[in-house]
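Novice: Sequence and predicted structure below; questions after.
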Amino acid sequence: MSHREQSAIILAMTETVQRAPWLLPVGWMVVIFALSALPGQAVNEVSGGVLGFNHLDKVAHGAVYAVLGWLWLRTLQQSGRWPLPKALALAIIISAAYGATDEWHQYFVPDRCCSLTDWMADTTGAVLGAAAYYGHDTIRRRKTN
């Protein structure tokens, strides 16, 4: 693929995201769902068993949901419908609610379970990710003013 073709693809993707910014967080939610649908044995094989060591699965949950919190806050804030503090609360609520439904979904997946501590890790990650975006956006606004 030539550089010109790559640039055209990137431009088309950027324009699509600008027209429908919710595609990024919803797309990430699809990725989370796909990962959650993996049976426990497959998760152990893919991670080499690392995720069961010293609660590293909680770190993975937090990291995945930090991205989701960041993406939702970015999308909500850029929509212009909510001031940043309200968008922050909504991004956390959406991410935490999705984490709860994701845990419920895992109840039905072989060798997986519905875990309150996993949901707490999801929610903590969402809070940290959204807070990181909030800080990033606040600094960016101060620099432009």
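Specialist: Right, received. Where do you want to start?
Novice: For this protein, which residues score under the pLDDT cut-off?
Specialist: 10-19, 42-54 (pLDDT under 70).
Novice: hey, which helix is longest across this structure?
Specialist: The longest helix of the chain (DSSP state H) is helix 116-144.
Novice: Tell me which other helices or strands that helix touches.
Specialist: Here helix 116-144 touches helix 56-79, helix 84-106, going by 3 or more C-beta pairs under 8 Å, 6 or more residues apart in numbering; DSSP states H and E. Bear in mind the C-beta positions are built from the backbone N, C-alpha and C, glycine included.
Novice: right, so those: which one is the most enclosed?
Specialist: Ranked by mean neighbour count under mean count of other C-beta atoms under 10 Å, these are led by helix 56-79, which reaches a mean of 21.
Novice: Can you name the residues in contact with that one?
Specialist: With contacts defined as C-beta atoms under 8 Å, 6 or more residues apart in numbering, helix 56-79 is touched by 21-22, 24-25, 28-29, 32, 35, 50-51, 82, 84, 87-88, 90-92, 94-95, 98-99, 117-118, 121-134, 137.
Novice: how near is the residue nearest to Val127 when sequence neighbours are not counted to Gly80?
Specialist: Counting by C-beta to C-beta, 6 or more residues apart in numbering, Ile92 is the residue found nearest to Val127 once chain neighbours are left out, at 5.6 Å. Using C-beta to C-beta, to the nearest Å, Ile92 is found at 19 Å from Gly80.
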